[in-house]
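S.K.: A predicted structure for the sequence below; I have some questions about it.
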Amino acid sequence: MSSANQTIFEIARKRRSVRKFRTDNFSMDVLLECINAAREAPSGSNYQPWHFVIVEDAKLKEKLRDVCEKGERKFYSHVRGELAEWLKNKGLSWKKEFLSQVPYIIAVFGYKKAPYSRESVWIAVGYLLLALEEKGIASLTYTPPNRDEVAEILKCPGDYRLEVLLPVGYEDGHKIKEPRKSLDEVVSVNFFDNPRV
């Protein structure tokens, strides 16, 4: 578990996307604590358009994996160019073993009719990722190419949209965090083309 004395910057700096998980289980209460932090996120008109579905059933996780891999095979058969090269270099493929390895998947949905629904939900996801990291729980933001099929399996009502699946668990091994751009590369002052001095 992470130290309670870590700053938000230290937690953010440690957080990385993990695709290999141990099968160790832990209490769902840990996830509920993290989701409790996520619901404190700001949202358009304070609509709080998010809904979180915690998937723990092994058969359901296998079903989600099967459907996601079907969509991924189709995606990978059409991807070309720079993205295809990047995926190959990272060793990524249509196989999504992590969906059945983890003890839990958090499916995050957004209410379509809410103002700024997508933006609001993703702010909450950011809060959730940091809360998970603080608890020592590894995660991955995985958006399947066939989200509607996945949403249907999870009995999502028509006025909600699946934004992301978050496989969560303890990391198997230690993945090195991908490098980040420098502050000077991402910050300008007053105008986009005015670099920070």
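M.R.: Done, it's in.
S.K.: Can you pull the poorly scored residue ranges out of this protein?
M.R.: Low-confidence segments of the chain (pLDDT under 70): 1-4.
S.K.: at 50 what do you get?
M.R.: 1-2 (pLDDT under 50).
S.K.: The strand ranked longest in it packs against which elements?
M.R.: In the chain, ranked by residue count with DSSP state E as the criterion, the top strand is strand 160-169. Packing partners of strand 160-169 (3 or more C-beta pairs under 8 Å, 6 or more residues apart in numbering; DSSP states H and E): helix 98-101, strand 104-111, helix 117-134, strand 138-139, helix 147-153. Any C-beta I mention is one placed from the backbone N, CA and C, and that applies to glycine too.
S.K.: gap between the third one and the chain center?
M.R.: Offset of helix 117-134 from its chain centre (C-alpha atoms, centre = their mean, to the nearest Å): 8 Å.
S.K.: Between strand 104-111 and the longest strand of the chain, find me the angle.
M.R.: When axes from the mean of the first three to the mean of the last three C-alpha atoms, to 10 degrees is applied, the directions of strand 160-169 and strand 104-111 differ by 160 degrees.
S.K.: So what touches the helix or strand that strand 160-169 is followed by?
M.R.: Sequence-wise, the next helix or strand downstream of strand 160-169 (DSSP states H and E) is helix 183-186. With C-beta atoms under 8 Å, 6 or more residues apart in numbering as the test, helix 183-186 has contacts from 195-196.
S.K.: Let's see helix 183-186 as CSV, backbone CA atoms only.
M.R.: The C-alpha coordinates for helix 183-186 follow below in CSV (Å, rounded to 0.1, in the frame of the first residue of the first chain):
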residue,chain,number,x,y,z
LEU,A,183,6.9,21.1,-18.8
ASP,A,184,8.2,23.5,-21.5
GLU,A,185,6.8,21.3,-24.2
VAL,A,186,3.2,21.5,-22.8
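S.K.: Quick check: the residue nearest in space to the middle of the chain vs Ala131, distance?
M.R.: By C-alpha atoms, centre = their mean, the chain has its centre lying nearest to Thr141, at 2.1 Å. Between Thr141 and Ala131 the distance is 14 Å, computed by C-beta to C-beta, to the nearest Å.
S.K.: got it, and Pro115?
M.R.: Between Pro115 and Ala131 the computed distance is 25 Å (C-beta to C-beta).
S.K.: before we move on, back to that, roughly how far is the longest strand of the chain from the heart of the chain?
M.R.: That offset, for strand 160-169, works out to 6 Å (C-alpha atoms, centre = their mean).
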